[in-house]
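1. Got a predicted structure plus its sequence, pasted below:
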Amino acid sequence: MTEKKKKLEFNIIKNDPTEGHGGFGVGSLSLDNVSPVIIDVQEGEASIEIGAMHARSAVERGIKFLKTKEEVPNGKPYWLIWVTIDRKAEGTYYAGVTACEMTVDRSIRRGYKSLPEHVNRMDKSIKRHIIVDHMDEKSKKILTEFLQNHDAGMWERSSEQLKADLQV
């Protein structure tokens, strides 16, 4: 009888991995301070969609995602925004904000998104990057208003790069 070699699998570590022994998990990233925000471009609305952490938001549910935009010519445009919160001496602020494009055609239950892009942008947000300059003007305005209305103080304490990149 042969035993399978136990593999080291990917784990999402909820608490601080450096707490305590400081061995296994050191250097892992925590998802505690990351929230996915979905922008419905046509409706002009933004909302926090925790289900998007695992590609299970209301927008994504029941949709088969294809690899090219051309396969979904009538797709409704959405943006998935990864927002990471951090704390500095003055208080909390929007530390990492990255945007990923997505389209969904409910009538044919098909959509377009690049899964590698979504994963990489989440990683970039966790690492405190700002990547929103590729968004259309309407979506930038929606996101700006959402972040300001969610917490004006956090917006004020955020980086000048975020404010400049969302400027329309």
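-> That came through, no problem.

2. start to end distance for stretch 143-159?
-> 15 Å (CA to CA, to the nearest Å).

3. and what of stretch 122-136?
-> Start-to-end span of stretch 122-136 (CA to CA) is 20 Å.

4. Identify all contacting residues around it.
-> For stretch 122-136, the surrounding residues in contact (CB atoms under 8 Å, 6 or more residues apart in numbering) are 29-31, 34, 41, 79, 81-84, 86, 95-99, 121, 140, 143, 159, 161-162, 165-166. The way it works is simple: take the backbone N, C-alpha and C, and place the C-beta from them, glycine included.

5. From the residues you listed, which land in helices?
-> Among the contacts of stretch 122-136, the members falling in helices (DSSP state H) are Arg121, Lys140, Leu143, Gln161, Leu162, Asp165.

6. Separate out the buried members of those residues.
-> With burial judged by 16 or more other CB atoms under 10 Å, the buried subset of the ones in helices among the contacts of stretch 122-136 is Arg121, Lys140, Leu143, Leu162, Asp165.

7. my guess is Glu37 meets Ile81, correct?
-> Heads up, residue 37 is Val, not Glu. Yes - with contact defined as CB atoms under 8 Å, Val37 counts as touching Ile81 (4.2 Å).

8. joint contacts of those two?
-> Joint contacts of Val37 and Ile81 (CB under 8 Å, 6+ apart) are Ala46, Leu143.

9. More neighbours: which of these two?
-> Ile81 (28 against 21; other CB atoms under 10 Å).

10. Could you export the ones in helices among the contacts of stretch 122-136 as TSV, including distance to Trp155?
-> Converted to TSV, those look like this (distance: CB to CB, whole Å):
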residue	distance to Trp155
Arg121	21
Lys140	14
Leu143	11
Gln161	13
Leu162	9
Asp165	13
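
11. between these, which is closest to Gly91?
-> Leu162 (15.5 Å; CB to CB).

12. That closest one contacts Val97, doesn't it?
-> Yes - between Leu162 and Val97 there is a contact at 5.8 Å, judged by CB under 8 Å.

13. Let me see the ranges of the helices in this protein.
-> 115-126, 137-150, 152-157, 160-165.
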